[in-house]
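J.: Mind looking at a prediction? Sequence and model below.
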Amino acid sequence: MNNKKIILLFLLLAGLFFWYFLVWFDANYEIKEREMLNPFVEEIVERGTVYAKDKPTIDELIDKYSKKYANDNYNALYLKQLLHCVAYRESRYGYDRGCGDNGKACGIMQFWERTYINFRKIMIKKGIVHSSGNRLNYDNAIETAAWAIADGRGNDWGPILRGVCK
């Protein structure tokens, strides 16, 4: 009977500690970068402060590049759906800022550096873009992914290769 009380008290204290930590952490957490985490939101509301939209949303970028690289409206809608699926599956629309594949795949579209550079070199050679850009930049990464998927290179992403995004 005494052991049950000790265990219950321990669980109660652990729960209170965990709850306090969450409240303290939330109260002291500061967003270092203002990135558009929700692909459809046009403004960010942060602790009562509204920041005006100063850059395109993820959805706007995906829409722009799916229209640019698809050859008709039907394929543009399909490409847009694929890009949303890949962005969500790979990085939760950039919310998960970690690098997957043992630190090799980074950014919203989780490009390996070598893959991103190779795709951009092909795009530069074809006159589609004029610089290599940066795989961590949402605009560059989404454009490169849109071009690559439209060009038949979608199997470089696990969710497409496994059939999760189809």
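T.: Sure, I can see it.
J.: going forward, measure contacts and count neighbours with C-alpha atoms only.
T.: Fine.
J.: helix/strand/coil for the residue nearest to Tyr138 when sequence neighbours are not counted?
T.: Nearest residue to Tyr138, sequence neighbours excluded (Cα to Cα, 6 or more residues apart in numbering): Ile108, at 6.4 Å. Judged by DSSP: H, G, I helix; E, B strand; the rest coil, the three-state class of Ile108 is coil.
J.: Would you confirm that Ile108 contacts Leu136?
T.: Yes: look at Ile108 against Leu136 with Cα atoms under 8 Å: they come within range, at 6.9 Å.
J.: Please say which of the two ends up with more neighbours.
T.: Neighbour count, other Cα atoms under 10 Å: between Ile108 and Leu136, Ile108 has more, with 28 against 18.
J.: Point to the helix or strand of the chain where mean pLDDT is at its lowest.
T.: Lowest on mean pLDDT, DSSP states H and E among the helices and strands of the chain sits strand 44-46, with a mean of 49.
J.: Where do the domain boundaries of the chain fall?
T.: If you go by automatic domain parsing, the domain ranges for the chain are 2-51, 58-161.
J.: Tell me which of these is the most buried.
T.: When the domains of the chain are scored by mean count of other Cα atoms under 10 Å, the highest mean neighbour count falls to domain 58-161 (a mean of 18).
J.: what about that one, start to end distance?
T.: Using Cα to Cα, to the nearest Å, the end-to-end distance of domain 58-161 comes to 23 Å.
J.: coming back round to it: could you tell me the least trusted of the domains of the chain?
T.: When the domains of the chain are ranked by mean pLDDT, domain 2-51 comes last with a mean of 57.
J.: Tell me which helix or strand the spatially closest residue to Ile142 that is not a sequence neighbour sits in.
T.: The shortest distance from Ile142 to any non-neighbouring residue, by Cα to Cα, 6+ apart, is to Ile62 (6.4 Å). Assessed by DSSP states H and E, Ile62 sits inside helix 58-69.
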